[in-house]
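**Q** got a sequence here, can you build the structure:
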Amino acid sequence: MKEMTRVEGVRSEAAILVGVLLPDRDFQEDPLEELAGLARTVGARVEAQLVQRREVPDRATYLGKGKLESLKLLVEQSEADVVLFDNDLSPGQTRNLEKTLRVKVIDRTELILDIFAHRAQTTEARLAVELAQLEYSLPRLKQMWTHLSRIEGGIGMRGPGEKQLEVDRRLVEKKIRDLRRELAVIERRKERTVSARGAHRTVSLVGYTNAGKSTLMNQLTGADVLAQDKLFATLDTRTRRWQLPGWGPVLLSDTVGFIRNLPHTLIASFKATLEESRQANLLLHVADASSVEVLEQVKAVYGVLEEIGIEEKNTLLLLNKIDCVQNRERLDAIYSRYPNAIPVSGSTGFGLKRLAQAVSQSLSKHFREVEVRFHSADGRLAAYLAEYGEIISRRYDPEGHVTVHCRLPARVLEKISDTVAEIIPRDADESDRLPRDPQPADGAA
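**A** Numbers count the residues shown, from 1 in each chain. Okay, the predicted model is just below:
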């Protein structure tokens, strides 16, 4: 893959941003704001921008002929090193654009893959990114060998370019198979690790990149997770203990951020990393309320969740960075679509008490709060309650009995109902519970 310059002391690459707005994409303000953020993330210097609205992309160059001439002029005037597209290009379109513009052309997927490659820290993340890069480059191998001509003639006789292409293709396909096997082993190990936490409730932070998930996690848990104002600052899952008031300890996980049109190869490759979200008891969907494209970002996250098969999971929508919202009308538009969203601020701590209450209530949805009284010599039952329930307190009496105040899943309560001396319901009052459903009022995600 083509590399973006980011070494200190080396001149940053001058970039021109290009976006083709198709009918299915409608943004209110700057349509290339996100692409500019991606460009800055890789150290590029944005020199100019070009936007075109089209019903369908041009099959050869994605842009129309007139806009292509304008882009060529921009490249020459700004002495640009690279053109960054906010669209996904075919190998042929990339080849034709580079031939016309005489500079590197990088599409949205390749740019995101490049960022992931430089942000990956763990072995798991590096393997996932490498797999995604190879799957992206496989159909583009032919472009890499156009400098070798067909010098051997005759039917069935191939030039060195085609021979090298065949060798490279076999090598890449073998590497892809090897990486998939390695990631499958990691995925099974991750599934076992996450499943082994059955005694603890798990909550997972998901959301658009740079929505403030890590900052929020630091506020809630006192952790020291890397939190930067950058796209994809964190690629690896981090899990911390969160002492939830009114409930007890839960495990809170911070996962990789999503983005609009996240490459499918990345979603598949990061399946092991996303296992925390797949098996969580509750998702906290963190959205940047200050972003002008917050509704599009929320929609994009729901799309990724659907793609990895967890769209039906219990979810709370959090409007983070609420202290940075300047436009009250935009905030009203968010609430009209997501009336149950909870406003919070990871930087100031605003709304975190209400958030904790909502999480506690949501986790209690399938639990019953009870007192279980049994003989203290029944160690097997005591261990069973500790493993599958949340122990709140224990009381011992002179007759040798123990009363355990705990929260138990309904299925566990049914299982022990015939084996203990007494079960006393202690369910909390439902009247002051917050709404839990973050879905839009019209039912659309």
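**Q** on the three-state scheme, residue 283 is what?
**A** Of the three states, residue 283 takes strand under DSSP: H, G, I helix; E, B strand; the rest coil.
**Q** kindly apply the preceding question to residue 240 instead.
**A** Going by three-state DSSP: residue 240 is strand.
**Q** and it, how far is that from residue 251?
**A** Applying C-beta to C-beta, to the nearest Å, the value for residue 240 to residue 251 is 7 Å. Yep, even glycine has a C-beta here, placed from its N, CA and C like the rest.
**Q** check residue 47 too.
**A** Counting by C-beta to C-beta, the gap from residue 47 to residue 251 is 46 Å.
**Q** same thing with residue 423?
**A** According to C-beta to C-beta, residue 423 stands 27 Å off from residue 251.
**Q** between these two, which one's more packed in?
**A** Neighbour totals were compared for residue 423 and residue 251, and residue 251 leads with 19 against 16 (other C-beta atoms under 10 Å).
**Q** my read is the more buried one is in a strand, agree?
**A** Yes: judged by three-state DSSP, residue 251 forms part of a strand.
**Q** how about it, nearest residue that isn't a chain neighbour?
**A** Distance criterion C-beta to C-beta, 6 or more residues apart in numbering; nearest residue to residue 251, sequence neighbours excluded, is residue 202 at 4.7 Å.
**Q** does the one you found really touch residue 255, like I thought?
**A** No: counting by C-beta atoms under 8 Å, residue 202 stays clear of residue 255, with 11.7 Å between them.
**Q** number of residues surrounding residue 23?
**A** Residues near residue 23, counting by other C-beta under 10 Å: 9.
**Q** how about the helices in the stretch 201-350 of the chain?
**A** Taking DSSP state H, counting those that start in this stretch as the criterion, the stretch 201-350 of the chain carries its helices at 213-221, 264-269, 275-279, 294-307, 328-337.
**Q** weakest of those in terms of mean pLDDT?
**A** Mean pLDDT is lowest for helix 264-269 among the helices of the stretch 201-350 of the chain, at a mean of 68.
**Q** please state the offset of the lengthiest helix in the chain from the chain centre?
**A** Counting by DSSP state H, the longest helix found in the chain is helix 160-195. Taking C-alpha atoms, centre = their mean, to the nearest Å, one finds helix 160-195 lying 22 Å from the centre of the chain it belongs to.
**Q** which residues does residue 138 contact?
**A** Residue 138 makes contact with 169, 172-173, 176 under the criterion C-beta atoms under 8 Å, 6 or more residues apart in numbering.
**Q** what distance do you get for residue 381 to residue 404?
**A** Using C-beta to C-beta, residue 381 is found at 9 Å from residue 404.
**Q** show me the shaky parts of this protein.
**A** 1-11, 25-29, 142-164, 194-200, 223-236, 264-265, 268-275, 311-313, 419-421, 427-445 (pLDDT under 70).
**Q** can you show me the strands along the chain?
**A** 14-21, 45-53, 82-85, 104-106, 202-207, 238-244, 248-254, 282-288, 315-320, 342-343, 367-375, 390-396, 401-409, 422-425 (DSSP state E).
**Q** out of residue 381 and residue 404, which sits in the busier spot?
**A** Taking other C-beta under 10 Å, residue 381 and residue 404 do not tie; residue 404 has more neighbours (21 against 17).
**Q** who does the more buried one bridge with?
**A** residue 372, residue 394 (DSSP bridges).
**Q** in contact with it, which residues?
**A** 371-374, 382, 385, 391, 393-394.
**Q** which among these gets closest to residue 336?
**A** residue 391 (42.4 Å; C-beta to C-beta).
**Q** how about the closest one, nearest residue that isn't a chain neighbour?
**A** Of all residues not flanking residue 391 in the chain, residue 406 sits nearest, at 5.0 Å (C-beta to C-beta, 6+ apart).
**Q** and that neighbour, what does it touch?
**A** Taking C-beta under 8 Å, 6+ apart, we find residue 406 in contact with 369-372, 385, 389-392.
**Q** 7 Å instead, please
**A** Neighbouring residues of residue 406 by C-beta atoms under 7 Å, 6 or more residues apart in numbering: 370, 372, 385, 389-392.
**Q** mind putting these into CSV with neighbour count and distance to residue 31?
**A** CSV is the format used below for the contacts of residue 406 (neighbours: other C-beta atoms under 10 Å; distance: C-beta to C-beta, whole Å):
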residue, neighbour count, distance to residue 31
370, 21, 55
372, 22, 59
385, 21, 56
389, 22, 51
390, 23, 48
391, 15, 53
392, 15, 52
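**Q** redo the helices of the stretch 201-350 of the chain as JSON lines? Include mean neighbour count and distance to residue 358.
**A** Compiled in JSON lines, those are given as follows (neighbours: other C-beta atoms under 10 Å; distance: least, C-beta to C-beta, whole Å):
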{"stretch": "helix 213-221", "mean neighbour count": "23", "distance to residue 358": "13"}
{"stretch": "helix 264-269", "mean neighbour count": "19", "distance to residue 358": "28"}
{"stretch": "helix 275-279", "mean neighbour count": "22", "distance to residue 358": "18"}
{"stretch": "helix 294-307", "mean neighbour count": "19", "distance to residue 358": "18"}
{"stretch": "helix 328-337", "mean neighbour count": "13", "distance to residue 358": "16"}
